[in-house]
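S.K.: For reference, the sequence and a predicted model appear below.
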Amino acid sequence: MNRSFWKRAATLSVALLMIAAFGCGKSAVEAAKNATTEPETIAIGEDAAAGGYGNNEVAEHTGVYSVDGTTEEITSGSYASSAPYENTVLVQNAGQLKMTSADINKTGDAKNDFSNGINAAVAVLSKGQMTLSDSNITTNGFGAFGCYVSGTESSLTMNGSYVYTSGTASPALTVHDGGTFTMTGGILSTEGMDSAGLMLSGGSITFSGVTLKAANSDLLRVFSGENTLTLDATAITSSPILGEGSLLQLKLINGASFTGELGSELPAKVSVSLDATSTLSLTADSYITALVNADTTHQNIQSNGFSLYYDSNAPENAYLNSQSYQLPGGGFLSPII
């Protein structure tokens, strides 16, 4: 998403921020705990599939609590930032941070571009590694991301924690440029307009038993690069926005479920892997590159009258023999012609 989009969006920011402030009268943790897995999806801007929130020209990250190349461990504590373009917690340059029972808060509005997470509550960059357990992350500001992870070998692992954003253009999680994110238990939730739950741009995300919600935006946006989303005993309802040139590998295991559309036009951008306990439910005809299904009868794909089209030339699909198969609900699994 280019700079011009945010110049247009700026004229709406005052009204939108009033909407985003709706949840401020209640505990952020309480709001997050009441989250459901049924998002109401609203995409703002015709450039939404093209790429994030601009190209930030402010290169240097700063943090209220910063770990830069060192190893630190913290048990309990509250950390807050109200300054624009400042992270509350920053881990970078191969720094390592283990944090438990922390409250991390971020306010302060980004005025221009902020795609590099410079206004995020938590940012993990340049081979930084962070583990966060039994903690709460809350943000309320324009462009105030919850978590931002970027760079090969950069990783953020969360256990039993909550991420809640209420401002406009404030995704709960953004993983970029080879970064990895793993979360077990807990909730990721957004309430603000144009605040995706998850944004991927060449990254990897794994959820195990996590609740996800985006109240006033699309839940999942995939902008560019090769991306992996693994759902382990986690349910998602979303029709992801898929940027030009982006690829998504969707893996469902241990009773996970995905409900939505997986790309309504060619070229296909999503590959799907399901174990026998997991389910895929279609809300529109969808095109995928590959389907690896442990249930070779495909009874774990609920078509709802729609069809799933696969690339018969992909080696992963050789077992399908370029044939069509009727799916539960009246639709078909068929090769792309």
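M.R.: That came through fine. Quick caveat, the model's predicted, so the values are computed rather than measured.
S.K.: Okay, buried residues for stretch 307-319 please.
M.R.: Buried residues in stretch 307-319, counted by 16 or more other C-beta atoms under 10 Å: 307-311, 314, 317. C-betas here are computed from N, CA, C, even on glycine.
S.K.: again with stretch 321-330
M.R.: For stretch 321-330, a neighbour-count test (16+ other C-beta under 10 Å) marks L327 as buried.
S.K.: Using PDB, list the CA coordinates for it.
M.R.: Extracted in PDB, the C-alpha atoms of stretch 321-330 (Å, rounded to 0.1, in the frame of the first residue of the first chain):
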ATOM      1  CA  ASN A 321      -4.800 -38.200 -11.200                       C
ATOM      2  CA  SER A 322      -6.200 -35.000 -12.800                       C
ATOM      3  CA  GLN A 323      -9.700 -36.200 -11.800                       C
ATOM      4  CA  SER A 324     -12.700 -34.500 -10.300                       C
ATOM      5  CA  TYR A 325     -14.200 -35.600  -7.000                       C
ATOM      6  CA  GLN A 326     -17.600 -34.700  -5.500                       C
ATOM      7  CA  LEU A 327     -17.200 -33.000  -2.100                       C
ATOM      8  CA  PRO A 328     -19.700 -33.000   0.800                       C
ATOM      9  CA  GLY A 329     -22.200 -30.200   0.200                       C
ATOM     10  CA  GLY A 330     -22.500 -30.600  -3.600                       C
END
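S.K.: Just give me how far that stretch sits from the chain centre.
M.R.: 31 Å (C-alpha atoms, centre = their mean, to the nearest Å).
S.K.: and what of stretch 134-149?
M.R.: That offset, for stretch 134-149, works out to 13 Å (C-alpha atoms, centre = their mean).
S.K.: same thing with stretch 286-296?
M.R.: Mean-position distance between stretch 286-296 and its chain equals 22 Å (C-alpha atoms, centre = their mean).
S.K.: Could I get the average pLDDT for that stretch?
M.R.: What stretch 286-296 shows for mean pLDDT is 97.
S.K.: gap between the two ends of that stretch?
M.R.: 19 Å (C-alpha to C-alpha, to the nearest Å).
S.K.: same deal with stretch 288-308?
M.R.: Note: stretch 288-308 ends 7 Å apart using C-alpha to C-alpha.
S.K.: Give me the contact list for it.
M.R.: Defining contact as C-beta atoms under 8 Å, 6 or more residues apart in numbering, one finds that stretch 288-308 is touched by 247, 262-263, 268-286, 309-311, 314, 316-317, 319-320, 325, 327-334.
S.K.: repeat that with 6 Å
M.R.: The contact list for stretch 288-308, computed with C-beta atoms under 6 Å, 6 or more residues apart in numbering, reads 262, 268, 270-276, 279-282, 284-286, 310-311, 314, 316-317, 325, 327-334.
S.K.: give me the number of residues near A276?
M.R.: 12 (other C-beta atoms under 10 Å).
S.K.: would you say it is within a helix?
M.R.: No. Counting by DSSP: H, G, I helix; E, B strand; the rest coil, one finds A276 to be coil, located in no helix.
S.K.: Now do the contacts for it.
M.R.: 294-295.
S.K.: quick one: it from T297, how far?
M.R.: 10 Å (C-beta to C-beta, to the nearest Å).
S.K.: likewise A94?
M.R.: 48 Å.
S.K.: So for the two, which residue has more residues nearby?
M.R.: Neighbour comparison, A94 and T297: the larger count goes to A94, with 16 against 11 (by other C-beta under 10 Å).
S.K.: Spatially nearest residue to S66, not counting backbone neighbours?
M.R.: Once flanking residues are discounted, S66 sits nearest to L90: 4.5 Å by C-beta to C-beta, 6 or more residues apart in numbering.
S.K.: I'd say that neighbour and D68 touch.
M.R.: No. Using C-beta atoms under 6 Å, L90 is not in contact with D68; the gap is 7.7 Å.
S.K.: Give me the more crowded residue out of those two.
M.R.: Each of L90 and D68 has its neighbours counted (other C-beta under 10 Å); L90 has more, 27 against 15.
S.K.: The more buried one in helix, strand or coil?
M.R.: Going by three-state DSSP: L90 is strand.
S.K.: Let's see which of the contacts of stretch 288-308 end up in strands.
M.R.: 270-274, 279-282, 286, 310, 325, 332-334 (DSSP state E).
S.K.: Enumerate the beta-bridge partners assigned to the residue nearest to S66.
M.R.: Applying DSSP bridges to L90 gives these bridge partners: S66, A123.
S.K.: State the pLDDT value of it.
M.R.: pLDDT, L90: 98.
S.K.: again, but for A20
M.R.: We have a pLDDT of 37 for A20.
S.K.: In contact with L333, which residues?
M.R.: Counting by C-beta under 6 Å, 6+ apart, L333 makes contact with 298, 308, 325, 327.
S.K.: try P240
M.R.: Counting by C-beta under 6 Å, 6+ apart, P240 touches 220, 222.
S.K.: Distance check, it against Q302.
M.R.: Applying C-beta to C-beta, the value for P240 to Q302 is 18 Å.
S.K.: N321 too?
M.R.: 23 Å.
S.K.: quick one: Y319 is in a strand?
M.R.: No. Secondary structure of Y319 (three-state DSSP): helix, not part of a strand.
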